[in-house]
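1. could you work out the structure for the sequence below:
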Amino acid sequence: MEPVQNLSVDQIDLNDMAFWMRPYEEREGAFLTLRSERPIAYFPEPEMEESPIPLPVGNGYYAITRHADVSEISRKPELFCSSKGATSVLDLPEEMVEYFSGMINTDNPRHARLRRIVSNAFNPRMIKSIEDSIEGVANEVIDDICERGLIDVTVDLAAPLPLKIICDMMGVPPERYDDVFRCSNIILSMGDPEYIGEDTHPILAFLGAGAELTAIMETIAEEKLKNPGEDLTSALITTNIDGEALTHGELASFFVLLVVAGNETTRTAITHGVLALTQHEEQKQRWMADVEGLMPTAVDEIVRWASPVIWMRRTATTKVVVSGHEFNEGDKVLLYYSSANRDERVFENPFSFDLTRNPNPHLGFGAAGPHFCLGAHLARREIGVMFRELFKRLPDLKATGEPDRLASNFVNGIKHLEATFTPTSRR
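-> Numbering: from 1, shown residues only. Next up is the predicted model:
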């Protein structure tokens, strides 16, 4: 892929949804221009039309587009906080911040407390149990499609794997899987009309989905208190470190974070991976010739290439200078991981898909710091195992249609991607 720089720096409008629906080459060209000419670029606050909830109009935000600046800000949570909201440019009401990924919207000491409790529940036995299940789940997913020959990669292949793993991990009963999937799609839809009805305002849809997921978790937690099992929910509600335990609200908030972020990151990476391997057949053949040997670098290159989460927000807590720019207290910054992952100052041939890329300091799971993705290891494992099993069972799988992209400036999602393969039998 070669970037197309057909917009001047003053023509680039990151608030315009039409920008995000441009071809990938044009989007990459725009960020190449920003990194070169205006790496810390100011944009006014986006407007939310006819919001059913009063949302104050802020003073705008700064787009941080270079790898070094994104990394520096991420390492300094005392200067750039997350508690004002990490996943929205707009300053949302507190109840919405709590519903949607509470832990990533916190700072120390609360963030350290939450992460300590959650990390303790992810003990070695729990992690091994989850990892041991991935291969079985991947093959169940392939069994469901292997006789068809024609699939939607996102819906039939990429989405079911993380959904089932996360739901099993949290003790969600199978009859609620579809509800969890539907709610996570709504929360990350950015108002895409495929997921939100024409008569429903996106904010009300987001709140409704968050409330539904919270209710699901409350029901599960109540059951696990009476009959604890080997699942993560049972571990979380019984974990107590120096007198500290998760409140019911924190448990529900963590569940929302897990099912939304955990589903979307892996799903998006797998779909983009299938598309990229189709477009770069020589890379696919290279990986298939040494599946386990190339696994670590191949998975990281897929995540870099996909950059599932486009940005996260931080808010300056005081006056601070980054790369010569002085930020004032309250200034909002959006850390554009997708741009950092193409930074020519860090990556050699950044627009080449290279499964042997090493080193590969991508920020697909966030930058180093307290908010680096807690599930990065699990996501890498899911992606790697899925492609390994696909190479074994559906080796000629390839994308045959154009990707139907999510209308979002936050998630680099592909809603649908047609693919074909030679039908084969179930295991």
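2. low-confidence ranges in the chain?
-> Scanning the chain for pLDDT under 70 picks out 48-49, 51-52, 94-102, 241-242.
3. what residues sit buried inside the longest helix that it contains?
-> Counting by DSSP state H, the longest helix found in the chain is helix 248-279. Across helix 248-279, burial judged by 16 or more other Cβ atoms under 10 Å covers 250-278. Yep, even glycine has a C-beta here, placed from its N, CA and C like the rest.
4. what residues are up against Met1?
-> By Cβ atoms under 8 Å, 6 or more residues apart in numbering, the contact set of Met1 is 24-25, 28, 351, 353.
5. just checking, which of those belong to strands?
-> Counting by DSSP state E, no part of the contacts of Met1 is found in strands.
6. who wins on neighbours among those residues?
-> Glu28 (21 neighbours; other Cβ atoms under 10 Å).
7. contact partners for the residue sitting nearest the centre point of the chain?
-> When Cα atoms, centre = their mean is applied to the chain, the residue found nearest the centroid is Thr265 (3.5 Å). Thr265 sits next to 162, 308-309, 365, 373, 375, 379 when contact means Cβ under 8 Å, 6+ apart.
8. which member of those is positioned nearest Glu50?
-> Val309 (27.7 Å; Cβ to Cβ).
9. would you list the phi and psi of that closest one?
-> Reported as degrees, to the nearest 10, the phi and psi values for Val309 are phi -100, psi 120.
10. beta partners for it?
-> Beta bridges link Val309 to Val411, judged by DSSP bridges.
11. what about it, neighbour count?
-> Per other Cβ under 10 Å, the neighbour tally for Val309 reads 23.
12. in contact with it, which residues?
-> Neighbour list for Val309: 261, 264-265, 337, 364, 366, 410-412 [criterion: Cβ under 8 Å, 6+ apart].
13. can you redo those residues as CSV with distance to His201?
-> Converted to CSV, these look like this (distance: Cβ to Cβ, whole Å):
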residue, distance to His201
Ala261, 24
Glu264, 22
Thr265, 27
Tyr337, 28
Gly364, 31
Gly366, 30
Phe410, 18
Val411, 20
Asn412, 24
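14. which one of those residues is nearest Pro403?
-> Asn412 (10.4 Å).
15. please report how far the closest one lies from Glu212.
-> The spacing between Asn412 and Glu212, counted by Cβ to Cβ, to the nearest Å, is 25 Å.
16. which one of the contacts of Val309 sits closest to Cys81?
-> Gly366 (15.1 Å).
17. is the closest one in contact with Ser74, as I believe?
-> Yes - here Gly366 reaches Ser74: they are 6.8 Å apart, a contact under Cβ atoms under 8 Å.
18. the more surrounded of those two?
-> Ser74 (24 against 20).
19. against Phe122, how distant is that one?
-> Taking Cβ to Cβ, one finds Ser74 at 22 Å from Phe122.
20. Throw the contacts of Met1 into TSV and include distance to Phe387, thanks.
-> As requested, the contacts of Met1 are exported to TSV (distance: Cβ to Cβ, whole Å):
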residue	distance to Phe387
Tyr24	21
Glu25	25
Glu28	24
Phe351	22
Phe353	14
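21. in helices only, show me the residues you listed.
-> If you go by DSSP H, these have 24-25, 28 in helices.
22. nearest to Phe421 among those residues?
-> Tyr24 (24.3 Å).
23. for Glu25, see how far away the nearest residue to that closest one once chain neighbours are set aside is.
-> Distance criterion Cβ to Cβ, 6 or more residues apart in numbering; nearest residue to Tyr24, sequence neighbours excluded, is Met1 at 6.6 Å. Distance from Met1 to Glu25, counting by Cβ to Cβ: 6 Å.
24. then Ile203?
-> Distance, Ile203 to Glu25, by Cβ to Cβ: 33 Å.
25. give me every residue that touches Ser129.
-> By Cβ under 8 Å, 6+ apart, the residues touching Ser129 are Glu230.
26. off-centre distance for the helix or strand encompassing it?
-> Ser129 belongs to helix 124-145 when assigned by DSSP states H and E. Relative to its parent chain, helix 124-145 has a centroid offset of 20 Å by Cα atoms, centre = their mean, to the nearest Å.
27. and what of stretch 253-261?
-> Its chain's C-alpha centre and that of stretch 253-261 lie 11 Å apart, by Cα atoms, centre = their mean.
28. please enumerate residues in contact with it?
-> Outside stretch 253-261, the residues that touch it by Cβ under 8 Å, 6+ apart are 98-104, 114, 118, 163, 166-167, 170, 180, 183-184, 187-188, 210, 213-214, 216-217, 233, 236, 246, 309, 373, 375.
29. same deal with stretch 370-377?
-> By Cβ under 8 Å, 6+ apart, the list of residues contacting stretch 370-377 from outside reads 74, 77, 82, 86, 104, 108, 111-112, 115, 118-119, 122, 127, 258, 261-262, 265, 312, 365-366, 379.
30. quick one on the thing from earlier: which one of the contacts of Val309 is nearest Val299?
-> Closest to Val299 out of the contacts of Val309 is Gly364 (10.0 Å), distances taken as Cβ to Cβ.
31. residue boundaries of the helices in the stretch 251-400 of the chain?
-> Counting by DSSP state H, counting those that start in this stretch, the stretch 251-400 of the chain has helices at residues 281-289, 291-306, 337-340, 376-393.
32. buried deepest among those helices, which one?
-> Highest mean neighbour count of the helices of the stretch 251-400 of the chain: helix 337-340, a mean of 26 (counted as mean count of other Cβ atoms under 10 Å).
33. for it, packing partners?
-> Based on contacts counted as 3 or more Cβ pairs under 8 Å, 6 or more residues apart in numbering; DSSP states H and E, the elements that helix 337-340 packs against are helix 24-37, helix 67-74, strand 311-316.
34. redo that, cut-off 10 Å
-> For helix 337-340, the packing partners by 3 or more Cβ pairs under 10 Å, 6 or more residues apart in numbering; DSSP states H and E come out as helix 24-37, strand 61-64, helix 67-74, helix 291-306, strand 311-316.
35. using PDB, write out the CA atom coordinates for the longest one.
-> As requested, the backbone C-alpha atoms of helix 291-306 are provided in PDB (Å, rounded to 0.1, in the frame of the first residue of the first chain):
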ATOM      1  CA  VAL A 291       3.900 -21.300  10.900                       C
ATOM      2  CA  GLU A 292       5.300 -21.500  14.500                       C
ATOM      3  CA  GLY A 293       8.600 -19.900  13.600                       C
ATOM      4  CA  LEU A 294       7.000 -16.800  12.200                       C
ATOM      5  CA  MET A 295       4.100 -16.700  14.700                       C
ATOM      6  CA  PRO A 296       5.400 -14.000  17.000                       C
ATOM      7  CA  THR A 297       6.400 -11.500  14.300                       C
ATOM      8  CA  ALA A 298       3.400 -12.300  12.100                       C
ATOM      9  CA  VAL A 299       0.800 -11.700  14.700                       C
ATOM     10  CA  ASP A 300       2.500  -8.400  15.800                       C
ATOM     11  CA  GLU A 301       2.600  -7.200  12.100                       C
ATOM     12  CA  ILE A 302      -1.100  -8.000  11.700                       C
ATOM     13  CA  VAL A 303      -1.900  -5.900  14.800                       C
ATOM     14  CA  ARG A 304       0.300  -3.100  13.600                       C
ATOM     15  CA  TRP A 305      -1.300  -3.200  10.200                       C
ATOM     16  CA  ALA A 306      -4.800  -3.300  11.500                       C
END
